[in-house]
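J.: Quick one, fold the following:
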Amino acid sequence: ETLRVVNVRWKTIFTRSSDGVVNGLSKLHLVAPRELAFSRAAQLNIPGIKHIWKSIMRGFDIYRVGDREVSERLERIARQLHERTLSLNELVTLAQIADTGITHIEVEEQPLPPQIAKLFTQIINGNSEDADAEESGQHESSEDTEQLREFIARNLLFRHGTGSGKLRESEESTGTMAWLALGTAVVNALRHGHVLVVDELGSSLHPQLSRLIIDWFEDPEINTTGAQLIFTSHDMTLLDAGRGNREKREQVWFVEKGTDGASELFNLSDFPLQKGSNIVKQYLEGQFGGLPYTAPSLVYSLLNTHSTGEK
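T.: Predicted structure coming up:
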């Protein structure tokens, strides 16, 4: 591991050997085998490193799998629409790309009850004063009033076709919401040249949409900023991304979990492939590893245990 920066000429900030010895940083001499010296130095606020770390991380967006991530992304979308940093037309266009049937989107704002908003304000400010201060004759300052206005619940409403009925987020399909949440992150990365890291690409998405996202990052006419996509997936159809020359194959990695629980990575380019190879078929045959060792026969004992009432 080596960190180098350039001003007039390249300068080495630090080097870290395979045994964890770090040279160049006075406060950091040794790191654990599974630890990056760069991240450790940033955590210790070593001068010069923190600034570089922040500069790099500003260009990263990490999209995690799960309903909570989707919900938080949708809240962010609603806030961006309110702040006009994202337009409704852009969001509708994104929905139409995926053939969702959505023709109109709007933001519904619902202020929280004053008592609840005030309670949140006290929690955020660390204010332990009595909640009944208002009853004792104390009045909120204009600053307090402005802060209370920020406690507004914003929700997205969707209209399909030419109908006048509107659907809330909770009434839309999981796939549609997942597409809008991830799609806005994809567009942002492509616009600004960021690195988008996605855990479980394809979760709640049609395989064609996952493939579409990959195609956007690989198309130089669309990805004009040099944005990068790093993702994990269990969608085997995406293995076709490794078809073609060696450069294509080097983008695909398999993860094999050993009996000790440790994971080992294999690159697709490590395996000899013939022109026109069916990568998915070869993967399912176990030629690349990365397959779980399932024990389907255990289901019989599981069902028998239940039927006999054993514990």
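
J.: so where is the stretch 201-311 of the chain shaky, pLDDT-wise?
T.: Within the stretch 201-311 of the chain, the segments meeting pLDDT under 70 span 241-244, 306-311.

J.: where along it do the helices fall?
T.: Here the stretch 201-311 of the chain has its helices, by DSSP state H, counting those that start in this stretch, at 207-218, 246-249, 279-284, 298-308.

J.: Could you measure from the most centrally placed residue in the chain over to Ala185?
T.: Here the mean C-alpha position of the chain is nearest to the C-alpha of Tyr63 (C-alpha atoms, centre = their mean), at a distance of 0.4 Å. Tyr63 sits 5 Å away from Ala185, going by C-beta to C-beta, to the nearest Å. (Each C-beta comes from the backbone N, C-alpha and C, glycine too.)

J.: Now list whatever residues contact both of those two.
T.: 73, 196 (C-beta atoms under 8 Å, 6 or more residues apart in numbering).

J.: Can you mark which positions in stretch 72-92 are buried?
T.: 73-75, 77-78, 80-81, 86, 91-92 (16 or more other C-beta atoms under 10 Å).

J.: Please tell me how far it is from the chain's geometric centre.
T.: Offset of stretch 72-92 from its chain centre (C-alpha atoms, centre = their mean, to the nearest Å): 17 Å.

J.: Could you find the closest non-adjacent residue to Thr237?
T.: Pro207 (4.9 Å; C-beta to C-beta, 6 or more residues apart in numbering).

J.: how close does the one you found get to Arg40?
T.: For Pro207 relative to Arg40 (C-beta to C-beta), the value is 39 Å.

J.: Same drill for the two, tell me which one is more crowded.
T.: Remark: of Pro207 and Arg40, Arg40 carries more neighbours, 18 against 13, as counted by other C-beta atoms under 10 Å.

J.: Name the next helix or strand downstream of the longest helix seen in the chain, please.
T.: When the chain is parsed with DSSP state H, its longest helix is helix 174-192. Per DSSP states H and E, helix 174-192 leads on to strand 195-198 as the next helix or strand towards the C-terminus.

J.: I'd like to know how many residues surround Gln251.
T.: Counted with other C-beta under 10 Å, residues neighbouring Gln251 total 16.

J.: so who does the residue nearest to Val195 when sequence neighbours are not counted touch?
T.: Using C-beta to C-beta, 6+ apart and skipping residues adjacent in sequence, the residue nearest Val195 is Gln228, 4.6 Å away. By C-beta under 8 Å, 6+ apart, the contact list for Gln228 reads 189, 194-196, 217.

J.: just to revisit the earlier point, just curious, which of the buried residues of stretch 72-92 is nearest to Lys275?
T.: When the buried residues of stretch 72-92 are ranked by distance to Lys275 (C-beta to C-beta), Arg73 comes first, at 41.0 Å.

J.: so which helix or strand takes in that closest one?
T.: helix 67-83.

J.: which residues touch whichever helix or strand comes after that helix?
T.: Proceeding N to C from helix 67-83, the next assigned helix or strand is helix 88-97, under DSSP H and E. Applying C-beta under 8 Å, 6+ apart, the external contacts of helix 88-97 come out as 77, 81, 102-106, 158, 176, 179-180, 183-184, 187, 212.

J.: 10 Å instead, please
T.: 77-78, 80-81, 86-87, 100-107, 156, 158-160, 172, 176, 179-180, 182-184, 186-187, 209, 212 (C-beta atoms under 10 Å, 6 or more residues apart in numbering).

J.: Send me it as PDB with only the CA atoms.
T.: This file holds the C-alpha atoms of helix 88-97, laid out as PDB (Å, rounded to 0.1, in the frame of the first residue of the first chain):
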ATOM      1  CA  LEU A  88     -39.800  16.900 -11.000                       C
ATOM      2  CA  ASN A  89     -39.300  16.500 -14.700                       C
ATOM      3  CA  GLU A  90     -36.000  14.600 -14.100                       C
ATOM      4  CA  LEU A  91     -37.700  12.300 -11.600                       C
ATOM      5  CA  VAL A  92     -40.600  11.600 -13.900                       C
ATOM      6  CA  THR A  93     -38.200  10.900 -16.800                       C
ATOM      7  CA  LEU A  94     -36.300   8.400 -14.600                       C
ATOM      8  CA  ALA A  95     -39.600   6.700 -13.700                       C
ATOM      9  CA  GLN A  96     -40.600   6.500 -17.400                       C
ATOM     10  CA  ILE A  97     -37.200   5.000 -18.400                       C
END
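
J.: Now do that helix, average pLDDT.
T.: For helix 88-97, mean pLDDT rounds to 94.

J.: Would you agree Ala153 is in contact with Glu75?
T.: Yes: Ala153 is within contact range of Glu75, at 9.1 Å (criterion: C-beta atoms under 10 Å).
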